[in-house]
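Asker: I'll drop the sequence and a predicted model, then ask my questions.
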There are 2 protein chains.
Amino acid sequence: MPHSQLRPPTMADVARQAGVSHQTVSRVLGDHPNVRDETRAKVLRAIEEMGYRRNFSARALATRRTRTLGVVASNTTLYGPASTLFALEEAARAEGYLVSTVSLRRLTVETLSEALDRLSEGGVEGVVAIAPQRSAVEALAELRHPFPVVAVGTGSGAGVPSVNVDQSLGARLATGHLLAAGHRRVWHLAGPEDWQEAVDRVAGWRATLEEADVEPPMLLRGDWSPLSGYRAGQELAGWVGRGLTAVFVANDQMALGVLRALREAGVRTPQDVAVAGFDDIPESEFFAPPLTTVRQDFATVGKRSIALLLDLIEGRTPAGTSQVSIEPQLVVRASTFPYLPQPGAAPG
Amino acid sequence: MPHSQLRPPTMADVARQAGVSHQTVSRVLGDHPNVRDETRAKVLRAIEEMGYRRNFSARALATRRTRTLGVVASNTTLYGPASTLFALEEAARAEGYLVSTVSLRRLTVETLSEALDRLSEGGVEGVVAIAPQRSAVEALAELRHPFPVVAVGTGSGAGVPSVNVDQSLGARLATGHLLAAGHRRVWHLAGPEDWQEAVDRVAGWRATLEEADVEPPMLLRGDWSPLSGYRAGQELAGWVGRGLTAVFVANDQMALGVLRALREAGVRTPQDVAVAGFDDIPESEFFAPPLTTVRQDFATVGKRSIALLLDLIEGRTPAGTSQVSIEPQLVVRASTFPYLPQPGAAPG
DNA sequence: GGACGTATTGTGAGCGCTAACAATTCATGC
DNA sequence: GCATGAATTGTTAGCGCTCACAATACGTCC
C-alpha cells in the first residue's frame, strides 16, 4: 500500500481514537512500563488502524536528539573506503543511529569544511571522517563544529580522536615475510605522499629493512591505481637480474598493475620476483598469481569508531584525544610462494 | 575550535544580541529580500560572534521538511552498488538534500521492510532502493511507507517507479560484438537467477543468438564472485575444441575467475577463447588480458533517480509508475581482440 | 471502612523554529 | 501637511512531540 497524500495522523489523533491522552500513546510507543495491558492494546490497535508513525522532527526537537551520525568519506568506490563506510553504518545502526553520508570526490580543507557544515545543518550528533589525506586532517583540528568528530585512517598524529589500522605493522608483516622467505632486499612501491597510510607503510617497510641491516632500495611512487602500478612494474622489470627479487606494493590494485607489467616483461611471479600487496580486496585471490597481501579488519574499525564517537557524544570519554589502533593480518598466497593455496581449495 | 559543552545559542539569543526580533534573524538566514542592509549586517555579526547555527529539528518541525532522502542498498563494497551510492549522494547534495543510507548484508523482504521503517523514523522525505534482487522488489510495491520510493536496478516490471540501465541491450552489445568477430556461438556465464540484471542479461544474450539463427549453448550460473567464475571457467575449459570459442560473462569479477581458470587449463585468451564481461570495474583494464566489457553510466543513474524521486515528492509527477532507461556502452579490449588497446596507451 | 502507597493516566509547558498577519517606518504625491 | 502605498520590522500561533508534575484509580492493611 503506497503512501497517501492526506496529512499524516498525529499522536493526538491516535489518542482521540483510542480514548486516551496523547501522553499515554507516547508511553506505549516508548515502551514505558506503567501502562495497563488493556490500554496498551487499545492504543496499538488505533496506531495500526490509522497507520500512525511518530514524527521524527517533533521528537528530535523535544528530546534534543536526532539519533543521526554523519560520515564524511572520499573515494568511496575503492574497496577500503567502501568497506569502512559499510562497517560504520552497520555499527551505527546496531546502536540505534542512522547515518548521513557525504561522499567527496576530493578531500581538501574546503570540501571537508563544507561537508561538516552540511552535516551540521542536517542535525547530526557527531561525525566520523574517513580522512586518509594528511592535508585534510590538520583542518579537522581547526575547524569549528558543534559536535564531536572521530577521524579514521588519519594516523594518530593529529590532535583529533582517531581510529586506525596499524599500517606500519602491516608493512612490517609483509616485508618481514619476504625477508624470511630468503629475499635479500625488498623493494617498495608506495602510495601518494600525502596519504598518511602510504607514509606509515613506507615507515614500516624501511624500519624492517634497517633492523635486518639491509639498505632500503630506491622507493617507487604510485597513486593507488592499477595503471600507476603497471608503470612502476615496467620500471621494476628493468631491475630484475640486478638485485630485485621481491616487491612490497602499497595496495592490491597497484600490485595488479605490477603483476601485469612483470608478466609482459617475461618476469615470472613468484619464481623470479615475489610480490606482496596490501588490502586483500576480493579479487586478490584470483590475480595471476593469487596475491599475498595484508588484510585490514574494517568491521572492527567501524565498530570502534562508532563506539568512540558515541562515548564522546555522551560525554563518557573526556574530550581529549583518544587513539584506537587495530592490528592488520598477513594473508599469504602464491605470489610470494609457488606452493601455496590455490583458489577453490578453500572458500574465499 | 572544537565544540563546547554549553547549550548552543538560539535564534532568540541572536535576536537579543542584535537588537532585533527573532523573525528578522530568520529572514536574514532565509535570504529574505525585505531586510535593510544595515539590519542584515547587525544580525550577521551577532550570528558570527555567537557561533549560531539554526536548529535542524525545530526548522524541520516548522517547515515539515527534513530535506533528507534515504537510500537502501546492499553489497555496497561491490563496484556497481558503490558507484550508484556515490552518484546518488552527489546528485542529492546538488539538490540540497542530505542522504541517509542503510546498507544491507542481504536484501530480503524483511530486511528491506526494516530498512524502510528505519528510514521512515529518520524522517526521510523519500527513498531510493537499490534492489537488484527480484524477490525484494515485489515487496516494495506492497510495503506501506509514508513517502515515495524509486527503485534502481529492479528492471521495469514491478509496479514501482524505477531507473534502470538497459541490461538486455548491454548483453546484446557484448554478444553481438563476439558474433561480429566471427565466433559461431557465444556461451554465457550468468549471474544468480533471482537478480533481475542477471535475467535481463540472459535475455539479451539469448535474443541476439536467436536473431542470428544460432542455438544458445548450455547456460552456466555463478554468484557474481571471482570464485564462482573460476569454477565455471574450469568447466568451460572442458568444452574448448568442442565448439567453445567465445564466452560472455555476466560481470567482470566472474570474468576474472574465468580468465584464471582458462589460463591454468592452458587455454589462451583471446586466441583460443574470447571473453567479454560486464561492469567495467577499474581493474578490468589490467586483467590478463585486459577485458572487453560493458560500461554502465552510474552517474546518470544517480541523477535520474534523484530527479524522479524529487518529482514524486513535489508531486510534479503523477504517482503512477514512471520508468527511466539508460543505455550502456561496449568497451572493447584485448580479451576479445589480440591487437586492441594495451593499458597505458590511453587513460582509464 | 478509611488511610496509605503504588500503579496508571492526564495536564500543561516547553523544545526552537517558520508562517501568517499586524504594526511600524519611510518615501512619494497631491 | 497628510493620505497612500511599499518597505521593513514585530507579534502571535502553532509544528508534534516529551518531560515534569498533578490527578486519579486501584489494591492492601489495620
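Answerer: Yep, that arrived.
Asker: now the residue in the stretch 201-348 of chain A positioned nearest to DNA strand C: closest residue in space that isn't a chain neighbour?
Answerer: Taking CB to the nearest atom of the strand, DNA strand C has its nearest neighbour within the stretch 201-348 of chain A at A:Ile313, 16.7 Å off. (Each C-beta comes from the backbone N, C-alpha and C, glycine too.) Leaving aside its chain neighbours, A:Ile313 sits nearest to A:Gly126 (4.9 Å; criterion: CB to CB, 6 or more residues apart in numbering or on different chains).
Asker: may I have the phi/psi pair for the one you found?
Answerer: Recorded main-chain torsions at A:Gly126 are phi -170, psi 170, according to degrees, to the nearest 10.
Asker: one step back: list the buried ones in the helix or strand encompassing the residue of the stretch 201-348 of chain A closest to DNA strand C?
Answerer: Here A:Ile313, judged by DSSP states H and E, is contained in helix A:298-314. By 16 or more other CB atoms under 10 Å in any protein chain shown, the buried positions in helix A:298-314 come out as A:298, A:300-313.
Asker: sorry, back to before: hmm, the residue of the stretch 201-348 of chain A closest to DNA strand C is touching A:Val128, no?
Answerer: No - contact criterion CB atoms under 8 Å: A:Ile313 and A:Val128 do not qualify, at 11.5 Å.
Asker: quick one: low-confidence parts of the stretch 51-200 of chain A?
Answerer: A:158 (pLDDT under 70).
Asker: contact residues of chain A facing DNA strand D?
Answerer: Residues of chain A found near DNA strand D, taking CB under 7 Å from any atom of the strand as the criterion, are A:7-8, A:10-12, A:22-23, A:26, A:29-30, A:54-55, A:58-59, A:61-63.
Asker: one more pass at 10 Å, please.
Answerer: A:7-15, A:21-30, A:32, A:34, A:36, A:52-65 (CB under 10 Å from any atom of the strand).
Asker: near DNA strand C, from those residues?
Answerer: Restricting the residues of chain A next to DNA strand D to those touching DNA strand C (CB under 10 Å from any atom of the strand) yields A:15, A:21-28, A:32, A:34, A:36, A:57-64.
Asker: in strands, which of these appear?
Answerer: Assignment to strands by DSSP state E places none of those there.
Asker: tell me the buried residues in stretch A:280-297?
Answerer: Of the residues in stretch A:280-297, those buried (16+ other CB under 10 Å) are A:280-297.
Asker: follow-up on the earlier one: return a PyMOL selection command for the buried portion of the ones next to DNA strand C among the residues of chain A next to DNA strand D.
Answerer: In PyMOL, this line selects whichever of those come out buried by 16+ other CB under 10 Å:
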select buried, chain A and resi 15+24+25+26+27+28+57+58+59+60+61
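Asker: which ones among the ones next to DNA strand C among the residues of chain A next to DNA strand D are found in helices?
Answerer: In helices, defined here by DSSP state H, the members of these are A:15, A:22-28, A:57-63.
Asker: of all the residues you listed, which comes closest to A:Ser135?
Answerer: Minimum distance to A:Ser135 across these is 34.5 Å, recorded for A:Ala60 (CB to CB).
Asker: so that closest one sits against B:Ser57, correct?
Answerer: Yes - assessed by CB under 8 Å, A:Ala60 is found in contact with B:Ser57 at 3.7 Å.
Asker: which residues do those two both contact?
Answerer: A:Thr66, A:Gly123 (CB atoms under 8 Å, 6 or more residues apart in numbering or on different chains).
Asker: can I see the domain layout of chain A?
Answerer: Domain ranges of chain A: A:11-54, A:67-165+A:298-326, A:167-296, per automatic domain parsing.
Asker: element containing the residue sitting nearest the centre point of chain A, please.
Answerer: By CA atoms, centre = their mean, chain A has its centre lying nearest to A:Thr84, at 2.4 Å. Assigned by DSSP H and E, A:Thr84 belongs to helix A:79-94.
Asker: for that helix, packing partners?
Answerer: strand A:68-74, strand A:98-104, strand A:127-130, helix A:298-314, strand B:98-104 (3 or more CB pairs under 8 Å, 6 or more residues apart in numbering or on different chains; DSSP states H and E).
Asker: buried sites along that helix?
Answerer: A:79-93.
Asker: that older thread, nearest to B:Val247, out of the helices and strands packed on helix A:79-94?
Answerer: Taking CB to CB, strand B:98-104 is the member of the helices and strands packed on helix A:79-94 nearest to B:Val247, at 31.2 Å.
Asker: so that closest one versus strand A:98-104, what angle?
Answerer: Orientation check (axes from the mean of the first three to the mean of the last three CA atoms, to 10 degrees): strand B:98-104 against strand A:98-104 gives 110 degrees.
Asker: what residues does strand B:98-104 touch?
Answerer: So strand B:98-104 is contacted by A:68, A:85-86, A:89-90, A:93, A:98-102, A:118-119, A:122, B:67-74, B:76, B:85, B:88-89, B:92-93, B:111-112, B:115, B:118-119, B:122, B:124 (CB under 8 Å, 6+ apart).
Asker: same check on stretch A:189-205?
Answerer: A:132-135, A:137, A:153-155, A:157, A:166-172, A:174-175, A:186, A:188, A:216, A:219-224, A:229, A:232, A:236, A:247-251, A:254-255, A:258, A:278.
Asker: with stretch A:236-244 instead?
Answerer: Contacts of stretch A:236-244 (CB under 8 Å, 6+ apart): A:184-185, A:187, A:189, A:217, A:220, A:247, A:258, A:261-262, A:265, A:267, A:272-273.
Asker: secondary structure class of the residue nearest to A:Arg263 when sequence neighbours are not counted, three-state.
Answerer: Counting by CB to CB, 6+ apart, A:Arg263 lies nearest to B:Ala288, which is 6.5 Å off, once chain neighbours are set aside. Assigned with DSSP: H, G, I helix; E, B strand; the rest coil, B:Ala288 falls in the coil class.
Asker: near DNA strand C, which residues of chain A show up?
Answerer: So chain A meets DNA strand C at A:15, A:18-28, A:32-40, A:42-43, A:57-64 (CB under 10 Å from any atom of the strand).
Asker: kindly recompute the last result at 6 Å.
Answerer: A:Val20, A:Ser21, A:His22, A:Gln23, A:Thr24, A:Asn34, A:Val35, A:Arg36, A:Thr39, A:Leu61, A:Ala62 (CB under 6 Å from any atom of the strand).
Asker: of all the residues you listed, which two lie farthest apart?
Answerer: Top of the distance list for the residues of chain A next to DNA strand C (CB to CB): A:Arg36 and A:Leu61, 29.4 Å.
Asker: any idea how far A:Pro146 is from the residue in the stretch 201-348 of chain A that DNA strand D sits nearest to?
Answerer: Closest approach between the stretch 201-348 of chain A and DNA strand D, counting by CB to the nearest atom of the strand: A:Glu314, at 14.7 Å. Going from A:Glu314 to A:Pro146 by CB to CB, to the nearest Å gives 16 Å.
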